[in-house]
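**Student:** what's the 3D shape of this:
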Amino acid sequence: MVIPAQARKQARIDTRDVLHIQVDGDGRLIMVRLAQPKEKLPVKVRILQRKGKHPVGDIGRPITRSEIEAVLGEFP
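**Tutor:** Next up is the predicted model:
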């Protein structure tokens, strides 16, 4: 559904907003802005070069077993 620019500005609707639209009598539309899911920020990884050992990735916090299993489950 295309909403005219002037109507979007008056209703303060952004292009990324998710709307629930209900048809009311007499051709009126009721638009309700729904909460958008928060985007997960990418994890920044540092590669640590250790003397005499293999490099290791560090994300700044411990990784849980369930996180490891979830990531490994994505591989074929």
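**Student:** and the biggest helix by length in the chain, what other elements does it pack with?
**Tutor:** Among all segments of the chain classified by DSSP state H, the helix with the greatest residue count is helix 65-73. In this structure, helix 65-73 packs against no helix or strand, with contacts taken as 3 or more C-beta pairs under 8 Å, 6 or more residues apart in numbering; DSSP states H and E. Where C-beta positions appear, they are placed from N, C-alpha and C, glycine not excepted.
**Student:** Dump that helix to CSV, keeping only the CA atoms.
**Tutor:** Below are the C-alpha coordinates for helix 65-73, written out as CSV (Å, rounded to 0.1, in the frame of the first residue of the first chain):
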residue,chain,number,x,y,z
ARG,A,65,27.3,-23.7,25.4
SER,A,66,23.9,-22.9,23.9
GLU,A,67,25.3,-20.2,21.7
ILE,A,68,28.0,-22.6,20.4
GLU,A,69,25.4,-25.2,19.7
ALA,A,70,23.1,-22.7,17.9
VAL,A,71,25.9,-21.5,15.6
LEU,A,72,27.1,-25.1,14.9
GLY,A,73,23.5,-26.1,14.1
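**Student:** so for it, what's the average pLDDT?
**Tutor:** Helix 65-73 shows an average pLDDT of 90 in the prediction.
**Student:** Tell me if I'm right that Arg50 and Gly57 touch.
**Tutor:** No. Taking contacts as C-beta atoms under 8 Å, Arg50 lies outside contact range of Gly57: 11.7 Å.
**Student:** Run through who's touching stretch 23-34.
**Tutor:** Around stretch 23-34, the neighbours that count as contacts under C-beta atoms under 8 Å, 6 or more residues apart in numbering are Ala11, Ile13, Asp17, Val18, Leu19, His20, Ile21, Gln22.
**Student:** and the most centrally placed residue in the chain, helix, strand or coil?
**Tutor:** For the chain, the residue lying nearest the average C-alpha position, counting by C-alpha atoms, centre = their mean, turns out to be Glu39 (2.1 Å). When the structure is reduced to helix, strand and coil (DSSP: H, G, I helix; E, B strand; the rest coil), Glu39 reads as coil.
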